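Asker: Sequence and predicted structure, then a few things I'm wondering about:
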Amino acid sequence: MTTPTSKATVLASASASLKQGGLSFSNVFESYRRYHDKKPYTTQALQSLVVGLVGDSLSQLLVTPDEEYSLLRTFKVMITGSILSLPTFTWVKFMAKNINHSNKVISVVMKVVANQLCFAPFFLSSFLTTGFLSQGIFDPNEIINRLKQRVPIAWMNGCMFWPNIVALNFTVVPPHFRGLVNSAASVVWQAYLSWLTFSSKDSVQHAIDKEVALEHKVGHAVAGTLHLDQAKSTAVNAD
């Protein structure tokens, strides 16, 4: 039987453990912040290695589970992501310093638009091209054809994914942790880009065809709704 005194002792011990754990957790982030301040580009490059490892592993294990896991492919993605993390971090710093407005909401919208129109095409083209080269595809015409096929669909999907991350980063996330949040979101994005880069033409085209078919269905549904509204308006006017 537990006495009141022993209960108090247990609760005090548990409370102390939680505080100690919280303090340790805070220390980890504080250490990260200090290291980031001291060596920001090194930090970004190391983060991107981890993102590439996790992202491509998820892509291979979950998106294409029937295919044999390729450690070499993961290594290629890690190196590509690590190299591109440097212009990415520079771009985020540029937006934070130069793309601003007195209205906070307008400022975030400006950053989102600038990111999707200016930086996203560069990043996607660079990532995919590097991936193609790592597969031994050196024919410029072949690379251009693959980019024409895959960049637009990746950009469209990015328009649905990245604006939320950019808005989150520039509204509630402290500057020192924006790269960390960006890296966490990049795990999902990296998994998608890995699939897009290393999948066969047929599988990518099949996915694109499915998305186009879905867009056509939505378009027909919207057109049908507009036609119905027009018919109702005509009937009302006739009455």
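Answerer: Good, I have the coordinates.

Asker: For residue 161, give me its contacts.
Answerer: For residue 161, the contacting residues are 185, 188-189, by CB atoms under 8 Å, 6 or more residues apart in numbering. Heads up, the C-betas are built off the backbone N, CA and C, glycines and all.

Asker: let's go with 10 Å and repeat that
Answerer: 185, 188-189, 192 (CB atoms under 10 Å, 6 or more residues apart in numbering).

Asker: low-confidence ranges in the protein?
Answerer: Scanning the chain for pLDDT under 70 picks out 1-26, 200-239.

Asker: how's it carved up into domains?
Answerer: 25-199, 202-239 (automatic domain parsing).

Asker: So which bits of whichever helix or strand residue 93 is part of are buried?
Answerer: Using DSSP states H and E, residue 93 sits within helix 71-98. Buried residues in helix 71-98, counting neighbours by 16 or more other CB atoms under 10 Å, are found at 73-74, 76-78, 80-82, 84-85, 88-89, 91-92, 95.

Asker: For residue 67, which three-state class applies?
Answerer: Following DSSP: H, G, I helix; E, B strand; the rest coil, residue 67 is assigned to coil.

Asker: picking up where we left off before, tell me the most buried of the domains of the chain?
Answerer: domain 25-199 (a mean of 16; mean count of other CB atoms under 10 Å).

Asker: got the angle between whichever strand or helix holds residue 44 and helix 71-98?
Answerer: Following DSSP H and E, one finds residue 44 within helix 40-58. Helix 40-58 and helix 71-98 are oriented at 140 degrees to each other (axes from the mean of the first three to the mean of the last three CA atoms, to 10 degrees).

Asker: what's near enough to touch residue 76?
Answerer: Residue 76 makes contact with 52, 56, 70, 130-131, 133-135, 194, 197-198 under the criterion CB under 10 Å, 6+ apart.

Asker: tell me which of these is nearest to residue 152?
Answerer: Proximity of the contacts of residue 76 to residue 152 (CB to CB) peaks at residue 197, which lies at 15.0 Å.

Asker: Report the separation between that closest one and residue 41.
Answerer: 24 Å (CB to CB, to the nearest Å).

Asker: can you give me the helices in the protein?
Answerer: Here the chain has its helices, by DSSP state H, at 4-38, 40-58, 71-98, 104-114, 120-134, 140-169, 178-198, 201-238.

Asker: from the middle of its chain, how far away would the third one be?
Answerer: This means helix 71-98. 12 Å (CA atoms, centre = their mean, to the nearest Å).

Asker: That helix vs helix 140-169, what angle?
Answerer: Interaxial angle of helix 71-98 relative to helix 140-169 (the same axes, to 10 degrees): 50 degrees.

Asker: again, but for the fourth one
Answerer: Here helix 104-114 points in a direction 170 degrees away from that of helix 140-169 (the same axes, to 10 degrees).

Asker: same thing with the fifth one?
Answerer: With the same axes, to 10 degrees applied, the angle from helix 120-134 to helix 140-169 works out at 130 degrees.

Asker: what does helix 120-134 rub up against?
Answerer: Residues contacting helix 120-134 (CB under 10 Å, 6+ apart): 72-73, 75-77, 79-81, 83-84, 87-88, 91, 114-115, 137-139, 142-144, 146-147, 149-155, 158-159, 162, 189-190, 193-194, 196-198.

Asker: Most widely separated two among the contacts of residue 161?
Answerer: 185 and 192 (11.3 Å).
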